[in-house]
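# below is the structure, and that's it, no one-letter string:
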């Protein structure tokens, strides 16, 4: 199993509609991308200043599936249409659970 975990911090123009749109678009990716088994997306509770706004975990059947996901049209569309217009910063980690 291979996981891709991300934290997204959105810019000041981002709205609740933007956050919900990102979450829904990411959750819709399994079934569109081979090897992407699960997408979990959470929004920050807003209790501490400076936290990221969204956290996601994408679970893949292999590292190769994650590599294909990076340039898959459905993923690129989520980036282009939902994330990039309101993104301030991002942090990612990939976890290879087979090691």
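Structure's in. What do you need? Since we're looking at a predicted model, the values are computed, not measured.
# any idea where the strands of the chain begin and end?
Secondary structure of the chain (DSSP state E): strands at 2-10, 36-43, 54-60, 87-96.
# helices or strands up against the longest helix along the chain?
Criterion DSSP state H: the longest helix present in the chain is helix 16-27. Packing partners of helix 16-27 (3 or more Cβ pairs under 8 Å, 6 or more residues apart in numbering; DSSP states H and E): strand 2-10, strand 36-43, strand 54-60, helix 73-78. All C-beta spots, glycine's among them, are computed from the backbone N, C-alpha and C.
# what angle do it and strand 54-60 make?
Between helix 16-27 and strand 54-60, the angle comes out at 10 degrees (axes from the mean of the first three to the mean of the last three Cα atoms, to 10 degrees).
# pull the residues that contact helix 16-27.
If you take Cβ atoms under 8 Å, 6 or more residues apart in numbering as the criterion, helix 16-27 is touched by 8, 10, 39, 41, 43, 53-54, 56, 58, 77-78, 81-83, 85-86.
# give me that answer again for 6 Å
Contacts with helix 16-27, where a contact means Cβ atoms under 6 Å, 6 or more residues apart in numbering, come from 39, 41, 43, 56, 78, 82-83, 86.
# in the residues you listed, which has the lowest confidence score?
Lowest pLDDT of these: residue 43, 94.
# distance check, the most centrally placed residue in the chain against residue 23.
Residue closest to the average C-alpha location in the chain (Cα atoms, centre = their mean): residue 56, at 4.9 Å. With distances taken as Cβ to Cβ, to the nearest Å, residue 56 is found 8 Å from residue 23.
# now for these two: what residues contact both?
Joint contacts of residue 56 and residue 23 (Cβ under 6 Å, 6+ apart) are residue 41.
# once you drop chain neighbours, what's closest to residue 66?
Of all residues beyond its chain neighbours, the one nearest residue 66 is residue 60 (4.6 Å), with distances taken as Cβ to Cβ, 6 or more residues apart in numbering.
# all set now, cheers.
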